[in-house]
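Engineer: pasting the sequence and the predicted model now:
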Amino acid sequence: MAATWPAAPGAVAAQLLGVLWFVSVTTGPWGAAAIAAAGGEETLKCEDLKLGQYICKDPKINDATQEPVNCTNYTAHVPCFPAPSITCKDFGGNETHFAGNEVGFLKPISCQNVNGYSYKVAVALSLFLGWLGADRFYLGYPALDRWTFRWK
């Protein structure tokens with residue numbers, strides 16, 4: 001008797017999916033990190049770690065401006081700690097095995113309202129001349145002043 005090839009289309013599809021799953025797990029992003037940790041490839045930079053492989057501290061907030069401290073060029077940086085037993089390259093490119101309490105990298109976060117204007121001046125204009133929209137003109141939003149909406 002001659003054997004039929006393939007035996008069943010569903011069985012072949014299941015085997016193919018199994019092979020594809022195995023290949024994706026061993027060569028995908030998580031598999032690549034595991035292979036790199038085992039010494040098979042170059043170690044990842046700490047900035048390239050996946051979510052869940054590190055934790056970042058909350059930014060320190062300036063009480064006067066309600067913005068993160070040390071915010072320059074619309075960006076502040078917060079320290080991030082790789083999880084215990086993670087090996088990655090730190091700031092200087094040194095391969096480091098982290099215990100969970102060392103800073104691995106600084107994550108940039110955006111500062112929304114840093115635009116060079118004085119917070120105190122904007123509040124004073126809002127309190128005393130807000131009905132004219134002077135605070136909005138000061139902050140660079142002349143189209144959003146109160147008169148624009150009244151005359152329409």
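Structural biologist: Looks like it arrived, so ask away.

Engineer: which helix or strand in the chain has the lowest average pLDDT?
Structural biologist: helix 29-38 (a mean of 49; mean pLDDT, DSSP states H and E).

Engineer: buried set for stretch 75-85?
Structural biologist: 76, 77, 78, 80, 81, 82 (16 or more other C-beta atoms under 10 Å). Yep, even glycine has a C-beta here, placed from its N, CA and C like the rest.

Engineer: any stretches of this structure with poor pLDDT?
Structural biologist: For the chain, the stretches with pLDDT under 70 are 1-41, 112-116, 143-152.

Engineer: mind listing the strands for it?
Structural biologist: Per DSSP state E, the chain carries strands over the ranges 54-56, 75-82, 87-89, 95-97, 105-110.

Engineer: mind listing what the last one pairs with, with the direction of each?
Structural biologist: When pairs are called by DSSP bridges, strand 105-110 turns out to pair with strand 75-82 (antiparallel).

Engineer: contacts for the partner strand, please.
Structural biologist: Outside strand 75-82, the residues within contact range by C-beta atoms under 8 Å, 6 or more residues apart in numbering are 46, 49, 53-59, 67-70, 88, 98, 100-111.

Engineer: one more pass at 6 Å, please.
Structural biologist: 46, 54-57, 59, 68, 70, 88, 98, 103-109, 111 (C-beta atoms under 6 Å, 6 or more residues apart in numbering).

Engineer: for residue 135, see how far away residue 84 is.
Structural biologist: Per C-beta to C-beta, to the nearest Å, residue 84 is found 49 Å from residue 135.

Engineer: let me redo that: residue 128
Structural biologist: 9 Å.

Engineer: neighbour count for the two, which is higher?
Structural biologist: residue 135 (21 against 11; other C-beta atoms under 10 Å).

Engineer: now residue 123, nearest residue through space, not along the chain?
Structural biologist: Once flanking residues are discounted, residue 123 sits nearest to residue 135: 7.9 Å by C-beta to C-beta, 6 or more residues apart in numbering.

Engineer: then residue 101?
Structural biologist: Of all residues not flanking residue 101 in the chain, residue 81 sits nearest, at 6.6 Å (C-beta to C-beta, 6+ apart).
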